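Asks: The amino acid sequence is not available; the structure is as follows:
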């Protein structure tokens, strides 16, 4: 009999502990403006939604960039961390502009295969929209094969891209190249939390 009473008391405490933790979880939700969240407080894109266009391998709705055509933006559904509620949607999802690469149908794999096997006839340059260089390669047998070798390297390194300024279609998690440049406008600004470093 004492075991039965002990078991019932344990179940009662366990039941109260579960309800107390559920109530505590409900109290920990914070309503914020999700556009101010920092990295680590959200994940973009929401892994529960398929937001990658299978034809372009970029975010759905990726628009052409204004100054650089291949550097576009797309509205992407993001997911806030547990306990964060967005005041825009009253749930944990929100929309955020994310950078994407605007593509216009040119595949890196096709360009590279054309360059390796038919580059001496200039087909890689015709495919990418450079008919003048393609014709010169056709007439000179790929600049005596040196132009073909150079184009294989330049296309593989993604230095030479489509003539319309778009990016290559590469698998979303593929080997994309991002060029980082530094000039007089891009320098490290001193921060308030830096101390005198000598």
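Replies: Sure, I can see it. Everything numeric here is computed off the predicted structure, so don't read it as measured data.

Asks: which residues of this protein score low on pLDDT?
Replies: Applying pLDDT under 70 to the chain flags residues 1-27, 181, 184-191, 194-198.

Asks: residue ranges for the helices of it, please.
Replies: 2-27, 108-118, 123-128, 131-139, 141-144, 146-156 (DSSP state H).

Asks: residues in contact with the third one?
Replies: Just to be clear, that refers to helix 123-128. 106, 110-111, 114-115, 118, 131, 133-134, 137, 151, 155, 160-163 (Cβ atoms under 8 Å, 6 or more residues apart in numbering). Where you see a C-beta, it was placed from the backbone N, CA and C, and this is true even at glycine.

Asks: and these, which are buried?
Replies: Using 16 or more other Cβ atoms under 10 Å as the burial test, the contacts of helix 123-128 include 106, 111, 114-115, 118, 133-134, 137, 151, 155, 160-162 as buried.

Asks: Among the residues you listed, which one sits closest to residue 67?
Replies: Checking these against residue 67 by Cβ to Cβ gives residue 161 as the nearest, at 16.1 Å.

Asks: if I look at that closest one, how far off is residue 52?
Replies: 21 Å (Cβ to Cβ, to the nearest Å).

Asks: before we move on, back to that, same list, the buried ones among the contacts of helix 123-128, but as CSV with distance to residue 41 please.
Replies: Putting these into CSV (distance: Cβ to Cβ, whole Å) gives the following:
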residue, distance to residue 41
106, 37
111, 39
114, 45
115, 44
118, 50
133, 48
134, 50
137, 52
151, 45
155, 40
160, 40
161, 35
162, 37
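
Asks: Leaving out chain neighbours, which residue sits closest to residue 86?
Replies: Closest residue in space to residue 86, ignoring its immediate chain neighbours: residue 34 at 3.8 Å, by Cβ to Cβ, 6 or more residues apart in numbering.

Asks: Any idea how many residues pack against the one you found?
Replies: 22 (other Cβ atoms under 10 Å).

Asks: can you check the one 4 residues further on too?
Replies: Summarising burial for residue 38: neighbours were counted as other Cβ under 10 Å, giving 6.

Asks: And residue 144, by the same measure?
Replies: Neighbour tally, residue 144, other Cβ under 10 Å: 9.

Asks: And residue 54, by the same measure?
Replies: Neighbours of residue 54 using other Cβ under 10 Å come to 8.

Asks: what do you get for the one 5 residues further on?
Replies: Neighbour count of residue 59, defined by other Cβ under 10 Å: 24.

Asks: Might you report the residue contacts of it?
Replies: By Cβ under 8 Å, 6+ apart, the neighbours of residue 59 are 45, 51-53, 74, 76, 98, 100.

Asks: If you rank these by neighbours, which is first?
Replies: For these, neighbours tallied by other Cβ under 10 Å; top is residue 100, 24 neighbours.
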